[in-house]
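Novice: Model the following, please.
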Amino acid sequence: MDHFKTIIGKSPTIESLVRSARMVAVTDVTVLITGETGTGKEVLATAIQKTSNRADRPFITLNCAALAESLVESELFGHKKGAFTGASQDKEGIFQSVQGGTLFLDEINSLPLSIQGKLLRFLETGECMRVGETKPYHVDVRIIAATNQDLEKQIDAGEFRRDLFFRLNVVPLNLPPLTDRKEDIESLIKHFQAQFADIYAMTPPKFGKLALKVMIRYSWPGNIRELRNLTERLSILLAGKTIEPENLPHEFLVCHHKTAPQPLSNFTLPNEGIALDELEADLIHQALARTRGNRSKSAKLLGISRDTLLYRIQKHGLATH
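Specialist: Residues are numbered from 1 along each chain as shown. Okay, the predicted model is just below:
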């Protein structure tokens with residue numbers, strides 16, 4: 001079974017991401033998944049785990065932001081009876097529970113500084129120390145971490161250890177926001193509609209062309225999670241019907257009117273038409289020349305992601321230095 005089929009999309013960014021994730025999955029390397037809330041970081045982590053050599057071993061997901069700071073160390077590493085008030089018996093930590101398997105640390109940016117040092121020690125030596133204990137124990141656990149924050153900014157603010165960041169960031173995988181992969185929205189809608197049609201035993205609704213255009217133009221601050229939730233709502237309330245723009249939430253229509261395309265004052269389509277591929281290649285060439293080959297800056301000038309730029313450079317056979 002191909003577990004990466006859960007990552008829906010054919011955009012160049014997603015295809016590149018999945019290729020990297022497949023290569024990473026069959027190793028034990030530490031992975032850091034970055035991306036905005038709702039982009040599917042846990043889905044990607046699960047696909048990696050299920051494709052790995054540890055697929056039949058324990059897999060535990062831990063949201064670091066949900067743990068009380070006073071209990072984080074005990075939860076992760078365990079404690080000895082009498083180590084603190086309320087420690088009435090020895091307790092096994094999550095690291096011991098997941099021995100031989102994979103631990104997914106979501107919102108790693110919320111891990112207290114005091115625990116970051118202990119996690120770093122584990123990553124470097126495989127050693128853990130129970131609270132109240134003086135002798136460490138060893139475990140074999142693979143770490144996949146995720147964050148929706150800019151860890152480098154947190155490092156500069158003294159909120160995250162630089163050495164831990166480098167140790168976690170062995171293989172970085174970035175999930176783009178939905179606004180950077182709008183060509184995948186229709187595929188995602190169909191995927192979720194099929195799911196909900198099966199769950200609720202209802203005929204899925206159809207999207208009118210204009211409604212679909214509104215969906216594609218929307219900014220999606222909640223990313224794929226927001227798209228999934230809306231698709232579920234529409235699948236229930238409008239089963240078997242055709243969805244028109246007026247069936248969408250108010251904020252979608254406001255966004256549509258704000259972003260409706262306007263004619264460009266400095267360009268008029270010639271009567272004889274244009275060679276769009278040639279124009280695109282020329283604009284990419286100009287952007288690269290202006291930024292002296294800096295692909296990130298060129299992508300920003302063109303209003304596209306860096307991965308999309310790389311795909312189009314290859315598509316047009318443009319040489320860069």
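Novice: Give me the distance between the nearest residue to residue 60 once chain neighbours are set aside and residue 299.
Specialist: In space, and not counting its chain neighbours, residue 60 is closest to residue 98: 4.9 Å by C-beta to C-beta, 6 or more residues apart in numbering. (Glycine included, C-beta is placed from N, CA and C.) Counting by C-beta to C-beta, to the nearest Å, the gap from residue 98 to residue 299 is 39 Å.
Novice: which parts of the helix or strand residue 16 falls within are buried?
Specialist: Using DSSP states H and E, residue 16 maps to helix 12-25. Judged by neighbour count (16 or more other C-beta atoms under 10 Å), helix 12-25 contains these buried residues: 12-14, 17-18, 21, 24-25.
Novice: which two of the residues you listed lie the greatest distance from each other?
Specialist: Across the buried residues of helix 12-25, no pair lies farther apart than 12 and 25, at 20.4 Å, counting by C-beta to C-beta.
Novice: Surely the residue nearest to residue 60 and residue 62 touch.
Specialist: No. Between residue 98 and residue 62 there is no contact under C-beta atoms under 8 Å: 9.4 Å.
Novice: neighbour-wise, which of those two wins?
Specialist: residue 98 (22 against 19; other C-beta atoms under 10 Å).
Novice: just to revisit the earlier point, dump the helix holding residue 16 to PDB, keeping only the CA atoms.
Specialist: Taking C-alpha atoms only, helix 12-25 is exported to PDB below (Å, rounded to 0.1, in the frame of the first residue of the first chain):
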ATOM      1  CA  PRO A  12       5.300  20.700  -8.500                       C
ATOM      2  CA  THR A  13       5.800  21.700  -4.800                       C
ATOM      3  CA  ILE A  14       3.800  18.700  -3.500                       C
ATOM      4  CA  GLU A  15       5.400  16.300  -5.900                       C
ATOM      5  CA  SER A  16       8.900  17.400  -4.900                       C
ATOM      6  CA  LEU A  17       7.900  17.200  -1.200                       C
ATOM      7  CA  VAL A  18       6.600  13.600  -1.600                       C
ATOM      8  CA  ARG A  19       9.700  12.500  -3.500                       C
ATOM      9  CA  SER A  20      11.900  13.700  -0.700                       C
ATOM     10  CA  ALA A  21       9.600  12.200   2.000                       C
ATOM     11  CA  ARG A  22       9.700   8.800   0.300                       C
ATOM     12  CA  MET A  23      13.600   8.800   0.400                       C
ATOM     13  CA  VAL A  24      13.600   9.900   4.000                       C
ATOM     14  CA  ALA A  25      11.000   7.300   5.100                       C
END
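Novice: Kindly spell out which helices and strands sit in contact with it.
Specialist: If contacts are counted by 3 or more C-beta pairs under 8 Å, 6 or more residues apart in numbering; DSSP states H and E, helix 12-25 sits against helix 41-51, strand 171-174, helix 306-316.
Novice: Was I right to think residue 214 contacts residue 250?
Specialist: No. Contact between residue 214 and residue 250 fails when scored by C-beta under 8 Å: they sit 11.6 Å apart.
Novice: more neighbours, these two?
Specialist: Taking neighbours as other C-beta under 10 Å, residue 214 and residue 250 compare with residue 214 leading, 22 against 7.
Novice: immediately after the helix or strand harbouring that one, which helix or strand?
Specialist: Following DSSP H and E, one finds residue 214 within helix 209-217. The element immediately downstream of helix 209-217 (helix or strand, assigned by DSSP H and E) is helix 223-237.
Novice: just checking, what packs against that next one?
Specialist: Against helix 223-237 (3+ C-beta pairs under 8 Å, 6+ apart) you get helix 185-200.
Novice: Parallel or antiparallel, list what pairs with the following helix or strand past the helix it packs on.
Specialist: Where DSSP H and E defines the elements, the next helix or strand beyond helix 185-200 is strand 206-207. Strand 206-207 has its sheet partners listed here by DSSP bridges as strand 242-243 (parallel).
Novice: Phi and psi next, for the residue nearest to residue 41 when sequence neighbours are not counted.
Specialist: Spatially, and ignoring its direct neighbours in sequence, residue 41 is nearest to residue 146 (4.2 Å; C-beta to C-beta, 6+ apart). The phi/psi pair for residue 146 (degrees, to the nearest 10) reads phi -150, psi 150.
Novice: Go ahead and confirm residue 146 touches residue 104.
Specialist: Yes. Under the contact definition of C-beta under 8 Å, residue 146 touches residue 104, with a separation of 7.1 Å.
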